[in-house]
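Student: A predicted structure for the sequence below; I have some questions about it.
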Amino acid sequence: MNSDDPKLTAYALGELSGPEREVMEKLLKEDASLRAEAEETAAFARMLGETFHAEPAPLLAPGQRAEVLEEALHGRKTIPFFRRPWVARTLAAAATLAVLAAVGRFALPRPAAAPLAYAPAPAVTDEKADQPQSDARIAAAPVPANKQQFTGGAILASRGSLKENAAPATPNNPLDLDKLASTSATLDLTNAQAPTTDFFRNTQNGAPPDLTASKPSEPANRSNFAAKQPAAGSGPSATARARAALETRETAQVGLAGQNYGDGIAISTRNAQALAKQSQNEEALAAAEAPAPSLTAAPSAAAAPLSTVSTSGVIIEASKGQARTPADSMKNADASALLTQPTFTAQTLAAAVNHYVALGEEAAHQELATLAAKASNDRPLRDRIGILCQVLYTPREATALRAPRFGNTLVLGGAYTYTGTTSVASGILKAGSGEKALAAKRELSSKAKEAKDAKEAEAAEESAADYLAYCREHGVFRTVPIPLPKTSPESTEK
Amino acid sequence: MLSERPSMTTPGTLSWIEPILERFERPLIQYATSITGTGDHARDVVQDTFLRLAQNGPLEPGRVAPWLFTVCRNRAIDLKRKENRIVAMTEDSPEPPSAEPTPAARLEAKERADCLGRLLARLPANQREVLRLRFQCDLSYREIAEITRLGEGNVGFLIHTGLKTLRQLWPQSLEVQP
């Protein structure tokens, strides 16, 4: 044996055992150079190991870790891709269509060739343009007229076997928004002219929300994301549709078919359904498919807040009042991560919210008050209590709860984005037309005067306890837990 | 080699997976980072790996490490292949603070790490991978063979060759005395 033998390296690394090891040890006893080589190899290997181990490596985020633990604890099963019901149905339908097409091709006489006649591409259409407070119904992709008469989706829908591929999009088809939501697109509303308000702006300038807001999806634009454009010929882009809807001052909430989106996206309940379908999250789907109160019928912001916290395109809250929250949401309810860790995610925020929801208003208030008392010298704790309060309390009236006056802005950047319950819904409800809009304007004037009167008082910083008391006085404590979000894109089966 | 004490515990409690997380989280992320090139992607891959383990349930003794690294490797390679279609969310989390006790030791460790990185780049990919699995993830030849689907003898040869090359190229100033 010479020093360039892999077995010598294996021995130095402790890989030999039994007779091989005994033979090698005997050889080393007899050959000092081999022994020296083995010792040098072992020493170099130790150093190499130490150097490798010293390589910096980030650990899993607390939310990622929590998700793994929850999976292990509750044994939640992810349905393999090809076993998911809709996939199975789609494949079955596709196979059926293929067979039908093959049979038709050979068994039926071919019709004479005719020029294709396409229906005019519908512009952005609002079916309730003359009705105030209607949510935007945006016409989806133009569909060739000849295809509207014969589509696999229509046939299958009539047989009740493929709901997802139901009727083609038309202006009156309520599935339009679903279709829109499932369209991956780069959303760019930053240049839109509509007045804007959202959680960020409210928190940044400390002012009450702009009740004329009509662009609740703006938080999406704060995300540094991009996605593939819709396939060619699939109709106007989501951006174009959203822009057009904004011009009519309707609610343009464009759900983004989500993956690889790190930040939250404000979405409507219909979008929630579409996203839930896409994510195949059965719990989210169940929540999203519950009967949703119509925006147009909502008497106040508090009755039907639309706020949604979402990460990676997965809904964690569809809409208060309609969401049937899965019981799993409460299983990991724990506020410790949010209140003690240096960073936090949508999951830890949701877990903390659910913790206090589980406690109930009185106990939650006591616990938060105790924490708030400790937060006088702990700014991060104070800020997180402020954030918690804004999620835990929804406004009693149409007027949104104000942001905390902590003398700074609650920047919720990083791994998550939060769109608050306060400004969005009220903005939507007030951003209609006609009398409602005028009423909103009058209310704004009144509020502006009140705001001016209270300006001096507002200048002073408040404590977490003060803000907690304010929220309790002017808000309604949340009773519906938030479904825990996922942070990673849906995994695909290999 | 890696100890696998949690595999005899039962599902339905966290006790079976927590030690696995503690033991394998860092080496898996290091290994995945070597494939994906970014820590964020590596964390996603490792989270997915652990989620699959959680769905799968406890494994037999001796199976945990090969299973985890095999799944992690497949997922990381899969992600790497799809990299062109993935939009990077460039929000790298802050690196954990170094545990080195003194500035001198930290400097030396950094020099070694830099040197190792440079030298590894000169090795063939298969040698780099088996060296990482052996010295960073503390896996045995048999486990590495299972993960990489190479023969055990082939793994031994690759490690021997890579180690020899590194020793030849390693600067004397960073040499470690036996």
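Tutor: Yep, it's here.
Student: what residues of stretch B:70-77 count as buried?
Tutor: Using 16 or more other C-beta atoms under 10 Å in any protein chain shown as the burial criterion, the residues of stretch B:70-77 that qualify are B:70-73, B:75-76. The way it works is simple: take the backbone N, C-alpha and C, and place the C-beta from them, glycine included.
Student: that stretch near chain A anywhere?
Tutor: Yes. On the criterion C-beta under 8 Å from any C-beta of the partner chain, stretch B:70-77 is in touch with chain A at B:Asn74.
Student: hmm, back to that, pipe the buried residues of stretch B:70-77 into CSV and attach pLDDT and secondary structure per row.
Tutor: Converted to CSV, these look like this (pLDDT from 0 to 100; DSSP: H, G, I helix; E, B strand; the rest coil):
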residue, pLDDT, secondary structure
B:Thr70, 92, helix
B:Val71, 92, helix
B:Cys72, 92, helix
B:Arg73, 91, helix
B:Arg75, 88, helix
B:Ala76, 88, helix
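Student: what's the closest of those residues to A:Ala94?
Tutor: B:Arg75 (28.1 Å; C-beta to C-beta).
Student: could you list the buried residues of the helix or strand B:Pro19 falls within?
Tutor: Taking DSSP states H and E as the definition, one finds B:Pro19 inside helix B:18-36. Within helix B:18-36, the residues scored as buried using 16+ other C-beta under 10 Å are B:18-21, B:23-36.
Student: now, which of the buried residues of stretch B:70-77 sits nearest chain A?
Tutor: Nearest to chain A among the buried residues of stretch B:70-77: B:Arg75, at 8.2 Å, using C-beta to the nearest C-beta.
Student: is that closest one in contact with B:Ala42, as I believe?
Tutor: No. With contact defined as C-beta atoms under 8 Å, B:Arg75 does not count as touching B:Ala42 (10.0 Å).
Student: next secondary structure after the helix or strand of chain B with the lowest mean pLDDT?
Tutor: Lowest by mean pLDDT, DSSP states H and E among the helices and strands of chain B is helix B:103-120, with a mean of 80. Using DSSP H and E, the next helix or strand after helix B:103-120 towards the C-terminus is helix B:125-131.
Student: and the residue nearest the centre of chain B?
Tutor: The residue lying closest to the centre of chain B (C-alpha atoms, centre = their mean) is B:Tyr31, at 2.7 Å.
Student: excluding sequence neighbours, find me the nearest residue to it.
Tutor: Nearest non-adjacent residue to B:Tyr31, counting by C-beta to C-beta, 6 or more residues apart in numbering or on different chains: B:Cys137, 5.6 Å away.
Student: circling back: what is in contact with B:Arg75 and B:Ala42 at once?
Tutor: Listed as contacting both B:Arg75 and B:Ala42 by C-beta atoms under 8 Å, 6 or more residues apart in numbering or on different chains are B:Ala32.
Student: what's around the residue nearest to B:Tyr31, how many residues?
Tutor: A count of nearby residues for B:Cys137, using other C-beta atoms under 10 Å in any protein chain shown, gives 24.
Student: list the contacts for it?
Tutor: Counting by C-beta under 8 Å, 6+ apart, B:Cys137 has contacts B:2, B:27-28, B:30-31, B:65, B:69.
Student: ok, those residues vs chain A, which is closest?
Tutor: Of those, the one sitting nearest to chain A (C-beta to the nearest C-beta) turns out to be B:Gln30, at 4.4 Å.
Student: for that closest one, which non-adjacent residue is spatially closest?
Tutor: A:Ala57 (4.4 Å).
Student: confirm that the one you found sits in a helix.
Tutor: No. A:Ala57 is assigned coil when assessed by DSSP: H, G, I helix; E, B strand; the rest coil, not a helix.
Student: that one and B:Thr38 touch, don't they?
Tutor: No. If you go by C-beta under 8 Å, A:Ala57 and B:Thr38 don't touch, sitting 11.7 Å apart.
Student: the two: who's more crowded?
Tutor: A:Ala57 (23 against 17).
Student: any weak-confidence spans in the chain?
Tutor: Reading this off chain A. A:74-89, A:104-332, A:343-344, A:398-399, A:407-460, A:483-494 (pLDDT under 70).
Student: should've been chain B
Tutor: Using pLDDT under 70, the flagged stretches of chain B are B:1-15, B:83-102, B:173-178.
Student: one more time with 80, if that's ok
Tutor: Counting by pLDDT under 80, chain B contains low-confidence ranges at B:1-16, B:61, B:82-110, B:172-178.
Student: for the nearest residue to A:Leu28 once chain neighbours are set aside, pull up the helix or strand it's in.
Tutor: Excluding the flanking residues, the one nearest A:Leu28 by C-beta to C-beta, 6+ apart is A:Arg35, at 4.5 Å. A:Arg35 belongs to helix A:32-53 when assigned by DSSP H and E.
Student: point out the other helices and strands that that helix packs with.
Tutor: helix A:6-12, helix A:18-30, helix B:103-120, helix B:152-169 (3 or more C-beta pairs under 8 Å, 6 or more residues apart in numbering or on different chains; DSSP states H and E).
Student: buried sites along it?
Tutor: Residues of helix A:32-53 classed as buried by neighbour count (16+ other C-beta under 10 Å): A:34, A:37-38, A:40-42, A:44-45, A:47-48, A:51-52.
Student: same question, stretch B:104-111
Tutor: The neighbour-count check on stretch B:104-111 (16+ other C-beta under 10 Å) flags B:Ala109 as buried.
Student: my guess is B:Ala145 contacts B:Val155. True?
Tutor: Yes. Taking contacts as C-beta under 8 Å, B:Ala145 lies within contact range of B:Val155: 4.8 Å.
Student: roughly how far apart are the residue nearest to B:Tyr31 and B:Glu111?
Tutor: Between B:Cys137 and B:Glu111 the distance is 23 Å, computed by C-beta to C-beta, to the nearest Å.
Student: what does A:Asn354 give?
Tutor: To B:Glu111, A:Asn354 is 48 Å away according to C-beta to C-beta.
Student: sounds good, over and out.
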